[in-house]
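Undergrad: need a structure here:
(one chain, ligands or ions: 1)
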Amino acid sequence: MSTHTGLTNHTTDPPEGATCNIKGCCAVAQVRMIIAPSRFDADGVDHSQDPSTFDTCEWHWPAMRASCLSSGHRIVDATGDIGELAADFPQCSIFSSDAGRLYASARIGRSPQRATVHAWLVGQLRTQLERASACYG
Ligand SMILES: [Zn+2]
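TA: Alright, predicted model coming up:
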(Lines give C-alpha, C1' and ligand atoms only; values in the text may rest on other atoms or scores of the structure.)
Protein backbone atom coordinates (compact mmCIF):
# COMPACT_ATOMS: atom_id res chain seq x y z
CA MET A 1 0.00 0.00 0.00
CA SER A 2 1.15 3.45 -0.80
CA THR A 3 1.42 5.93 2.01
CA HIS A 4 1.21 8.67 -0.54
CA THR A 5 -0.24 11.82 0.95
CA GLY A 6 0.87 14.44 -1.56
CA LEU A 7 -1.35 16.42 -3.82
CA THR A 8 -1.91 15.73 -7.47
CA ASN A 9 -1.12 18.68 -9.70
CA HIS A 10 -2.08 18.70 -13.34
CA THR A 11 -0.15 20.19 -16.21
CA THR A 12 -1.58 21.72 -19.31
CA ASP A 13 -0.82 24.25 -22.02
CA PRO A 14 -0.50 27.84 -20.82
CA PRO A 15 -2.67 30.35 -22.67
CA GLU A 16 -1.25 32.13 -25.69
CA GLY A 17 1.17 34.84 -24.63
CA ALA A 18 1.57 33.63 -21.03
CA THR A 19 4.96 34.23 -19.50
CA CYS A 20 6.91 32.38 -16.84
CA ASN A 21 5.73 33.12 -13.28
CA ILE A 22 9.19 32.73 -11.78
CA LYS A 23 10.23 36.10 -10.42
CA GLY A 24 12.48 37.97 -12.79
CA CYS A 25 11.87 35.60 -15.69
CA CYS A 26 9.92 36.95 -18.65
CA ALA A 27 10.31 33.96 -20.94
CA VAL A 28 7.35 32.50 -22.76
CA ALA A 29 5.61 29.92 -20.60
CA GLN A 30 5.63 26.34 -21.87
CA VAL A 31 3.83 24.52 -19.10
CA ARG A 32 0.96 25.56 -16.85
CA MET A 33 0.65 23.69 -13.60
CA ILE A 34 -2.81 23.58 -12.08
CA ILE A 35 -2.19 23.37 -8.38
CA ALA A 36 -4.47 21.20 -6.34
CA PRO A 37 -6.27 23.14 -3.63
CA SER A 38 -4.64 22.56 -0.28
CA ARG A 39 -6.82 20.89 2.32
CA PHE A 40 -4.37 21.81 5.01
CA ASP A 41 -6.10 24.58 6.94
CA ALA A 42 -4.64 24.07 10.42
CA ASP A 43 -2.22 26.92 9.77
CA GLY A 44 -5.09 29.40 9.77
CA VAL A 45 -4.21 30.61 6.31
CA ASP A 46 -6.99 31.01 3.80
CA HIS A 47 -5.82 28.73 1.04
CA SER A 48 -8.58 29.91 -1.26
CA GLN A 49 -6.19 32.78 -1.97
CA ASP A 50 -3.46 30.41 -3.12
CA PRO A 51 -2.55 30.76 -6.75
CA SER A 52 -4.30 27.97 -8.58
CA THR A 53 -2.10 27.99 -11.63
CA PHE A 54 1.59 28.50 -12.16
CA ASP A 55 3.17 29.01 -15.55
CA THR A 56 6.79 28.14 -16.20
CA CYS A 57 9.12 28.43 -19.15
CA GLU A 58 11.12 25.53 -20.54
CA TRP A 59 14.10 26.44 -18.37
CA HIS A 60 12.25 26.69 -15.09
CA TRP A 61 9.80 23.84 -15.55
CA PRO A 62 12.25 20.97 -14.89
CA ALA A 63 13.24 22.46 -11.50
CA MET A 64 9.63 23.18 -10.64
CA ARG A 65 8.68 19.64 -11.57
CA ALA A 66 11.57 18.17 -9.59
CA SER A 67 10.74 20.12 -6.44
CA CYS A 68 7.09 19.18 -6.77
CA LEU A 69 7.96 15.48 -7.06
CA SER A 70 10.46 15.62 -4.22
CA SER A 71 7.72 17.09 -2.01
CA GLY A 72 5.71 13.95 -2.60
CA HIS A 73 3.25 15.48 -5.04
CA ARG A 74 2.15 13.80 -8.21
CA ILE A 75 2.10 15.49 -11.59
CA VAL A 76 -0.47 14.34 -14.10
CA ASP A 77 -0.38 15.54 -17.68
CA ALA A 78 -3.90 16.79 -18.40
CA THR A 79 -3.23 17.11 -22.13
CA GLY A 80 -3.08 13.41 -22.81
CA ASP A 81 -1.66 10.04 -22.00
CA ILE A 82 1.74 9.09 -23.38
CA GLY A 83 0.61 5.49 -23.86
CA GLU A 84 -2.27 6.63 -26.05
CA LEU A 85 0.01 8.89 -28.03
CA ALA A 86 2.41 5.99 -28.60
CA ALA A 87 -0.52 3.86 -29.79
CA ASP A 88 -1.61 6.57 -32.23
CA PHE A 89 1.88 6.94 -33.68
CA PRO A 90 3.20 3.37 -33.84
CA GLN A 91 5.76 4.46 -36.41
CA CYS A 92 7.44 6.57 -33.76
CA SER A 93 9.45 5.74 -30.76
CA ILE A 94 8.09 7.85 -27.91
CA PHE A 95 9.87 8.16 -24.62
CA SER A 96 10.43 10.59 -21.78
CA SER A 97 13.59 11.72 -20.06
CA ASP A 98 14.16 11.74 -16.31
CA ALA A 99 13.56 15.48 -16.38
CA GLY A 100 10.10 14.92 -17.77
CA ARG A 101 10.81 15.95 -21.32
CA LEU A 102 8.98 13.90 -23.93
CA TYR A 103 10.60 12.81 -27.15
CA ALA A 104 9.40 11.16 -30.32
CA SER A 105 11.57 9.96 -33.14
CA ALA A 106 10.88 8.04 -36.29
CA ARG A 107 11.74 4.37 -35.86
CA ILE A 108 13.11 4.04 -39.33
CA GLY A 109 14.99 6.45 -41.52
CA ARG A 110 12.11 7.65 -43.63
CA SER A 111 12.44 11.22 -42.50
CA PRO A 112 15.24 13.01 -44.34
CA GLN A 113 16.32 14.72 -41.14
CA ARG A 114 15.65 11.75 -38.88
CA ALA A 115 13.83 14.34 -36.88
CA THR A 116 13.30 13.93 -33.21
CA VAL A 117 10.66 16.21 -31.78
CA HIS A 118 10.29 17.01 -28.15
CA ALA A 119 7.84 18.73 -25.85
CA TRP A 120 6.93 18.98 -22.20
CA LEU A 121 3.34 17.89 -22.56
CA VAL A 122 1.70 15.00 -24.38
CA GLY A 123 -0.67 17.41 -26.14
CA GLN A 124 2.25 19.51 -27.37
CA LEU A 125 4.06 16.45 -28.64
CA ARG A 126 0.90 15.24 -30.39
CA THR A 127 0.55 18.59 -32.18
CA GLN A 128 4.14 18.40 -33.36
CA LEU A 129 3.75 14.84 -34.56
CA GLU A 130 0.57 15.71 -36.43
CA ARG A 131 2.37 18.61 -38.09
CA ALA A 132 5.29 16.36 -38.97
CA SER A 133 3.13 13.49 -40.10
CA ALA A 134 4.48 13.83 -43.63
CA CYS A 135 7.82 12.75 -42.21
CA TYR A 136 6.48 10.19 -39.82
CA GLY A 137 3.84 8.57 -41.98
ZN1 LIG B 1 11.25 31.06 -16.50
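
Undergrad: mind listing what's buried in stretch 26-37?
TA: By neighbour count on 16 or more other CB atoms under 10 Å, the buried set for stretch 26-37 is 29-33, 35-36. (C-beta placed from N, C-alpha, C; glycine too.)

Undergrad: Strands - which of the residues you listed land there?
TA: Using DSSP state E, 31-33 are the members of the buried residues of stretch 26-37 that sit in strands.

Undergrad: quick one: low-confidence ranges for this structure?
TA: Within the chain, the segments meeting pLDDT under 70 span 1-5, 38-51, 108-115, 133-137.

Undergrad: Which of the buried residues of stretch 26-37 sits closest to Phe54?
TA: Of all the buried residues of stretch 26-37, the one sitting nearest Phe54 is Met33; the distance, using CB to CB, is 4.8 Å.

Undergrad: Which two among the buried residues of stretch 26-37 are spaced furthest apart?
TA: Using CB to CB for every pair in those, the one that comes out farthest apart is Gln30 and Ala36, at 20.5 Å.

Undergrad: how near is the nearest residue to Ser97 once chain neighbours are set aside to Gln124?
TA: The spatial neighbour of Ser97 that comes closest, neighbours along the chain excluded (CB to CB, 6 or more residues apart in numbering), is Tyr103 at 6.9 Å. Going from Tyr103 to Gln124 by CB to CB, to the nearest Å gives 12 Å.
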